[in-house]
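Undergrad: Any chance you can model this:
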Amino acid sequence: MIITTLNRARIMGYNHHILKSPLIGCKQYLSSSWSHFYIIKRTYSSSPSSSSTSTTTSSSSSSINQPFHVCVVGSGPSGFYATESLLTAYPKTHVTIFERLPIPFGLVRYGVAPEHPEVKLVQKKFEKLLTDNQNSCYFVGNVKVGKDISIEELSHHYHAIILAYGSDSEKLLWIPGEKQEGVYSARQFVSWLNGHPDFQHHKFDLKGKAAAIIGQGNVAIDVARILLRDIDHLSSTDITEYSVSCLRNSSISEVHMIGRRGPAQASFTTKELREILTLKEIETYVADDDMLSLNSSSSLELSDDRSRRRMFDLLSKLKPLRTADPHSSKKKLIFHFNRKPEEFLSRSEPNKEEGGSQLSGIKVEKTRLEGEHDHQKSIGTGEHEIIPCDISFRSIGYKGTSMPGVPFDNKSGTVPNHLGRVTYPESPSSSSPSPSSPSPAEESPTAVGKLYVAGWLKRGPTGIIATNKWDAEETAQTILSDWHSGKLSHPPSSPSPPSPPSSTPSATDNTKLTPLGIPLLHKLLQA
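TA: The predicted model follows:
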């Protein structure tokens, strides 16, 4: 890798050198202006920067018409929508977007099925936001906030910090056998398809006949569709070459989709469900005839929700598996409703290392729904059955993770907040220590100064990509309200820098630059 360019930007009140390097290993590139990732190394100019001077003199004046410095942690949809709202509503805003990965766009880039490019079109809008605001919006990749730089340190350099790093973990079933080889999450699989750096070296054994997906939402549909549809169609999409190679050699011919509740409670959208049910190369079935029957509460739920009723109408046309032609060469998608996973089963595998085993199936318990409509609970009946499978994927939801210095609700996997303003949780024992910051907002004694949150980390992993827009706009409005009312007018501090270097370092001069603790920095310079 060759360092090609040395740019300068004003970030966190300092002058910084930004090393610009080409992206390698990505099938789809960003626009020419942003097809690179940034490695930041802190330096100091021989004279104070203009931004430091301006913020120092603004502390005694009104925040109106003063530069407003905001840090966004995370470069997914919520982070960009919040940035867009701030830049539009208050043009003197300067935003720095920090991202743990080398390139931006988060869920849009890595969490959308490769053959759905129309969903990824919003990425173009985010690219335009960066290119149109190069003097007021900076993207900083390969920096993990909370590890490479702390929230407390950021709070000294920004008027406000928006946490928008999403739900980067997944929920577990907590049943026996879940940790064995052959049991994965849908998130791992979809990220692997899209070339996510954390998952590009994963190995998925698709040599078996059957796969099982636990969960009945759109991500589960995505996994099933990728496993079952024609590989020639996939190879023309934005999918990684190593994924295409693996899928081309796949022996998976049937996929079981398992849900603990009934068809009326499935979380598919009508569009996603209709797409997979109409694929000519796939036959779709329901495992048992009685799985499509509804109790009175479920019928009432359908009558109150048009979109759910349309989704059920599609499912009600499924034929029972007993009617399948045993001689058909088509691949099968089989829906299992009212089935709760109890245990992942395994068999000994002689071709593996001593003591190795292979997933052989999932033991499930039959369930029934009880309770009032929209408040039904899945109750076990004590009857069990085994669904054979050679590989399995959990698709039961995402979960946020905590960050040092930020209050966190472990139960919901979210950051406690009010209209996007981070607050201390009711139980102090469940939160992390708060960072050094100005006094909490006057009207909310539990508010955490400077900290705000948007997206899944704010409300939980619900909704579609566009849902993040109004969510982020709400947070932006709260921030600007606090800014204009003077609650955030305390300027970023300007720590005394060490003696300035005698000259500006070159792109390859590593001796006069102090690293910001960014991973892979030295490897990049030496490569």
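
Undergrad: tell me the contacts of Val219?
TA: Ala186, Arg187, Val190, Ser395 (Cβ atoms under 8 Å, 6 or more residues apart in numbering). Using the backbone N, CA and C atoms, a C-beta is placed for each residue, glycine as well.

Undergrad: give me the number of residues near Leu314?
TA: 17 (other Cβ atoms under 10 Å).

Undergrad: mind showing which ranges of the stretch 351-500 of the chain have poor pLDDT?
TA: 351-356, 426-447, 489-500 (pLDDT under 70).

Undergrad: which residue ranges form the helices in it?
TA: 456-459, 467-484 (DSSP state H, counting those that start in this stretch).

Undergrad: Quick one, which of the ones you listed gets closest to Glu118.
TA: helix 467-484 (16.7 Å; Cβ to Cβ).

Undergrad: how far is the closest one from where the chain is centred?
TA: 20 Å (Cα atoms, centre = their mean, to the nearest Å).

Undergrad: returning to that earlier point: and the contacts of Val219, which two are the farthest apart?
TA: Taking Cβ to Cβ as the measure, the contacts of Val219 span a maximum distance of 9.4 Å, between Val190 and Ser395.

Undergrad: Please identify the buried residues of stretch 151-169?
TA: Neighbour counts using 16 or more other Cβ atoms under 10 Å place 151, 153-168 of stretch 151-169 among the buried residues.

Undergrad: That stretch - what's its average pLDDT?
TA: The average pLDDT within stretch 151-169 is 92.

Undergrad: Between the two ends of it, what distance do you get?
TA: One end of stretch 151-169 to the other measures 20 Å (Cα to Cα, to the nearest Å).

Undergrad: quick revisit: got TSV for the helices of the stretch 351-500 of the chain, with mean neighbour count and distance to Pro341 too?
TA: Below are the helices of the stretch 351-500 of the chain laid out as TSV (neighbours: other Cβ atoms under 10 Å; distance: least, Cβ to Cβ, whole Å):
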stretch	mean neighbour count	distance to Pro341
helix 456-459	26	24
helix 467-484	20	28
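
Undergrad: so can I have JSON lines of those helices showing distance to Gln66?
TA: What follows is the helices of the stretch 351-500 of the chain, written out as JSON lines (distance: least, Cβ to Cβ, whole Å):
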{"stretch": "helix 456-459", "distance to Gln66": "27"}
{"stretch": "helix 467-484", "distance to Gln66": "9"}
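
Undergrad: Let me know which of these is the nearest to Val286.
TA: Judging these by Cβ to Cβ, what sits closest to Val286 is helix 467-484, at 30.0 Å.

Undergrad: distance between the lengthiest strand in the chain and the chain's centre?
TA: Longest among the strand segments of the chain by residue count, using DSSP state E, is strand 357-370. Relative to its chain's centre, strand 357-370 lies at 28 Å (Cα atoms, centre = their mean).

Undergrad: try stretch 178-192
TA: 16 Å.

Undergrad: can you check stretch 300-317 too?
TA: How far stretch 300-317 lies from its chain's middle: 29 Å, per Cα atoms, centre = their mean.

Undergrad: go on, stretch 316-326?
TA: Averaging C-alpha positions (Cα atoms, centre = their mean) puts stretch 316-326 36 Å from its chain's average.

Undergrad: what sits against the most centrally placed residue in the chain?
TA: Residue closest to the average C-alpha location in the chain (Cα atoms, centre = their mean): Leu107, at 4.6 Å. For Leu107, the contact set (Cβ under 8 Å, 6+ apart) comprises Gly76, Pro77, Gly166, Ile465.

Undergrad: what's the closest non-adjacent residue to the third one?
TA: Put plainly, it is Gly166. Distance criterion Cβ to Cβ, 6 or more residues apart in numbering; nearest residue to Gly166, sequence neighbours excluded, is Trp456 at 4.8 Å.

Undergrad: residues touching the one you found, list them.
TA: Ser78, Gly166, Ser167, Tyr398, Gly400, Thr414, Thr462, Asn468.

Undergrad: where exactly do the helices run in the stretch 151-300 of the chain?
TA: Counting by DSSP H, counting those that start in this stretch, the helices of the stretch 151-300 of the chain are 151-155, 186-193, 218-228, 231-235, 241-248, 270-277, 296-304.

Undergrad: Could you identify which of the ones you listed has the lowest mean pLDDT?
TA: helix 231-235 (a mean of 84).

Undergrad: residues making contact with that one?
TA: Under Cβ under 8 Å, 6+ apart, the answer for helix 231-235 is Pro114, Glu115, Ile226, Val244, Leu247, Arg248, Ser250.

Undergrad: Any chance of those residues in a markdown table with distance to Val422 and neighbour count as columns?
TA: Shown next, in a markdown table, are these (distance: Cβ to Cβ, whole Å; neighbours: other Cβ atoms under 10 Å):
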| residue | distance to Val422 | neighbour count |
| --- | --- | --- |
| Pro114 | 35 | 23 |
| Glu115 | 38 | 19 |
| Ile226 | 37 | 23 |
| Val244 | 43 | 18 |
| Leu247 | 42 | 19 |
| Arg248 | 47 | 12 |
| Ser250 | 45 | 18 |
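
Undergrad: I'd like these laid out as TSV, including distance to Gly382.
TA: Output for these, formatted as TSV (distance: Cβ to Cβ, whole Å):
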residue	distance to Gly382
Pro114	42
Glu115	42
Ile226	36
Val244	45
Leu247	39
Arg248	43
Ser250	37
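
Undergrad: show me what contacts Leu206?
TA: Taking Cβ under 8 Å, 6+ apart, one finds Leu227, Cys246, Leu247, Asn249, Ser250, Ser251, Ile252, Ile391 in contact with Leu206.

Undergrad: can I assume Glu254 is in contact with Phe335?
TA: No - checked against Cβ atoms under 8 Å, the pair Glu254 and Phe335 is beyond contact range at 11.8 Å.

Undergrad: Apart from its neighbours in sequence, what residue is nearest Asn338?
TA: Here the residue nearest Asn338, using Cβ to Cβ, 6+ apart, is Thr367, at 4.7 Å.

Undergrad: gap between the one you found and Thr381?
TA: 6 Å (Cβ to Cβ, to the nearest Å).

Undergrad: In terms of neighbours, single out the busier of these two.
TA: Thr367 (20 against 11).

Undergrad: which residues does that one contact?
TA: Arg260, Arg261, Asn338, Arg339, Lys340, Ser378, Ile379, Gly380, Thr381.

Undergrad: of the residues you listed, buried ones?
TA: Taking 16+ other Cβ under 10 Å as the criterion, what is buried in those is Arg260, Arg261, Asn338, Arg339, Lys340, Ser378.

Undergrad: Distance to Trp174 for the residues you listed - can I get that in CSV?
TA: What follows is those, written out as CSV (distance: Cβ to Cβ, whole Å):
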residue, distance to Trp174
Arg260, 14
Arg261, 18
Asn338, 20
Arg339, 17
Lys340, 12
Ser378, 16
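
Undergrad: So which of those residues sit within strands?
TA: Arg339, Lys340, Ser378.

Undergrad: Export those as JSON lines, with columns for distance to Gly177.
TA: As requested, those are exported to JSON lines (distance: Cβ to Cβ, whole Å):
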{"residue": "Arg339", "distance to Gly177": "16"}
{"residue": "Lys340", "distance to Gly177": "15"}
{"residue": "Ser378", "distance to Gly177": "21"}
